[in-house]
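Enquirer: here is my input, please return the structure:
(one chain, ligands or ions: 5)
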Amino acid sequence: MSTNVPTTAALQSARIAVLGYGSQGRAHALNLRDSGLDVTVGVRRNGPSWEKAAADGLKVAEPADAVKNADLVAVLTPDMVQAALYTDAIAPNLKPNAALLFAHGFNVHFGQIAPRADIDVILVAPKGPGALVRREYEKGHGVPCIYAIHQDASGKARDKVLAYAAGIGGARALLIETTFAEETETDLFGEQAVLCGGATELVLAGFETLTEAGYQPEIAYYEVLHELKLIVDLLHEGGLAKMHQFVSETAQYGDLTRGPRVVDGATKARMKQILDEIRDGRFAQEWVAEYKAGNGNYRALKQKDLNHPIEQVGAGLRARMPWLNPAQPTLTAVPA
Ligand code: NAD
Ligand code: MG
Ligand code: MG
Ligand code: MG
Ligand code: MG
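Expert: Ligands and ions are numbered 1, 2, ... in the order given. The predicted model follows:
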């Protein structure tokens, strides 16, 4: 059994460039280095990440310089800047037979990046935020990863992708093979329909229903936002069974009989439309166009969220619950 666990062997003599030093970039770079691999972080010289990576004891270079001579380049910048980064810094500098690695398939799958034919194109996506990927690695564990091979020019893409997943700690936990299409489409669907989009709209609709009926906003906040974490943690740790085990019979009966009236067949039909828009590229086209046009609509919609009354109520209540530590990135609850 243990003979089948992937190791970092295939990257032992490789030079790895990690472009971007945010949530995933920092965790990958530190874990790869601590796995004994040769890592250079590629970030802009005047940006805030340069100092941070250097302070963490890593080699740092401009992205184009990090790519030169690299055998594997991990692209861990925000998705919307990756296409320009590929054109400007990666494509002109990457060696033939080198590997280009992503943590999300968006740009390759939706044709924003058309990778050179002479390079490997692979993906490793940890199923958790960077802070957790780092923390679990330091404890001797790992976060499960999904991985994919889009293009195998060297004939060694599989060895490389598995070695990278091992290097960041994923092989200590679980590795699941996927495709760029499956990773990209399910990731977008999850965050749109359920995790970010679905969950926040459910909370806001619940808060508005209670406050419009005259209940105090503070009480409404606790019932529909604050306590959501308790339920999500139960689901996360033990599925539906654990939630049923730890909530009252009254809550269970209300869940089983009322829940399907809130989220019903019409909701599911709209989820299917949202999935269709992801699969046929309409969402990607819209988001890329929005980004290129300066994000006016994105910013306005975000401001509307931030102006919602639940935000003011929440800020006041959270100030009285210092254990929530609002300045710290959360380890368990960030989908991406
Ligand atoms: P992030 O926003 O946390 O960090 C991005 C980093 O990229 C910045 O810290 C900076 O160092 C660098 N950067 C920003 N703009 C740049 C530019 N114009 N040129 C060069 N470098 C620039 O990003 P993230 O959340 O770590 O996401 C990175 C990738 O990982 C994305 O493809 C994302 O979809 C994927 N991913 C993220 C998570 C997650 O938990 N955040 C999980 C799985 C996959
Ligand atoms: Mg929302
Ligand atoms: Mg209650
Ligand atoms: Mg995701
Ligand atoms: Mg995502």
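
Enquirer: switch to C-alpha atoms for all contacts and neighbour counts from now on
Expert: Fine.

Enquirer: tell me who's in contact with Tyr86.
Expert: By CA atoms under 8 Å, 6 or more residues apart in numbering, Tyr86 lies in contact with Ile113.

Enquirer: give me the secondary structure label for it.
Expert: Recorded secondary structure, Tyr86: helix (DSSP: H, G, I helix; E, B strand; the rest coil).

Enquirer: could you report the pLDDT at it?
Expert: The model reports Tyr86 with a pLDDT of 98.

Enquirer: relative to Ala27, how far out is it?
Expert: 22 Å (CA to CA, to the nearest Å).

Enquirer: likewise for Gly169?
Expert: The value you get for Gly169 to Ala27, if CA to CA is used, is 10 Å.

Enquirer: need the residues of the stretch 151-300 of the chain near ligand 2, please.
Expert: By the rule CA under 5 Å from the ion, the part of the stretch 151-300 of the chain lying against ligand 2 is Gly197, Thr200.

Enquirer: how about 6 Å then?
Expert: Gly197, Thr200, Glu201 (CA under 6 Å from the ion).

Enquirer: tally up the residues packed near the first one, please.
Expert: Neighbours of Gly197 under the rule other CA atoms under 10 Å: 13.

Enquirer: once you drop chain neighbours, what's closest to it?
Expert: The shortest distance from Gly197 to any non-neighbouring residue, by CA to CA, 6 or more residues apart in numbering, is to Glu191 (6.4 Å).

Enquirer: can you name the residue of the stretch 1-150 of the chain nearest ligand 4?
Expert: In the stretch 1-150 of the chain, the residue that lies nearest ligand 4 is Lys127 (7.0 Å; CA to the ion).

Enquirer: next one: phi and psi at that residue?
Expert: Phi and psi for Lys127, reported as degrees, to the nearest 10, are phi -90, psi 50.

Enquirer: I'd say it and Gly142 touch.
Expert: No - here Lys127 lies out of contact with Gly142, judged by CA atoms under 8 Å, at a distance of 10.2 Å.

Enquirer: so these two - more neighbours on which side?
Expert: Counted by other CA under 10 Å, Lys127 and Gly142 do not tie: Gly142 has more neighbours, with 25 against 16.

Enquirer: show me the contacts for the more buried one.
Expert: Val133, Glu136, Ile168, Gly169, Gly170, Ala171, Arg172, Ala173.

Enquirer: what's the neighbour count on the closest residue to ligand 1 within the stretch 101-250 of the chain?
Expert: Nearest to ligand 1 in the stretch 101-250 of the chain, going by CA to the nearest ligand atom, is Pro129, at a distance of 3.2 Å. For Pro129, the neighbour count with other CA under 10 Å is 21.

Enquirer: that one reaches Arg26, doesn't it?
Expert: No - Pro129 is beyond contact range of Arg26, at 10.9 Å (criterion: CA under 8 Å).

Enquirer: so where do the helices sit in the stretch 101-250 of the chain?
Expert: Assigned by DSSP state H, counting those that start in this stretch, the stretch 101-250 of the chain shows helices spanning 106-109, 130-138, 157-167, 180-189, 197-212, 217-221, 228-246, 249-262.

Enquirer: give me the mean pLDDT for the shortest one.
Expert: Averaged across helix 106-109, pLDDT comes to 98.

Enquirer: what packs against that helix?
Expert: helix 180-189 (3 or more CA pairs under 8 Å, 6 or more residues apart in numbering; DSSP states H and E).

Enquirer: which residues sit against the helix it packs on?
Expert: The contact list for helix 180-189 (CA under 8 Å, 6+ apart) reads 104-106, 108-109, 123, 148-150, 274-275, 278-279, 336.

Enquirer: report the two of those separated the most.
Expert: Ile149 and Ile274 (26.2 Å; CA to CA).

Enquirer: which stretches of the stretch 1-150 of the chain have low pLDDT?
Expert: 1-3 (pLDDT under 70).

Enquirer: what does the stretch 51-200 of the chain have sitting close to ligand 1?
Expert: Leu76, Thr77, Pro78, Asp79, Val81, Ala103, His104, Ala125, Pro126, Gly128, Pro129, Gly130 (CA under 6 Å from any ligand atom).

Enquirer: buried members of these into ChimeraX, please.
Expert: Selection of buried members from these for ChimeraX, criterion 16 or more other CA atoms under 10 Å:
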select :76,77,79,103,104,125,126,128,129,130
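
Enquirer: show me the residues of the stretch 51-200 of the chain next to ligand 1 that map onto strands.
Expert: Ala125, Pro126 (DSSP state E).
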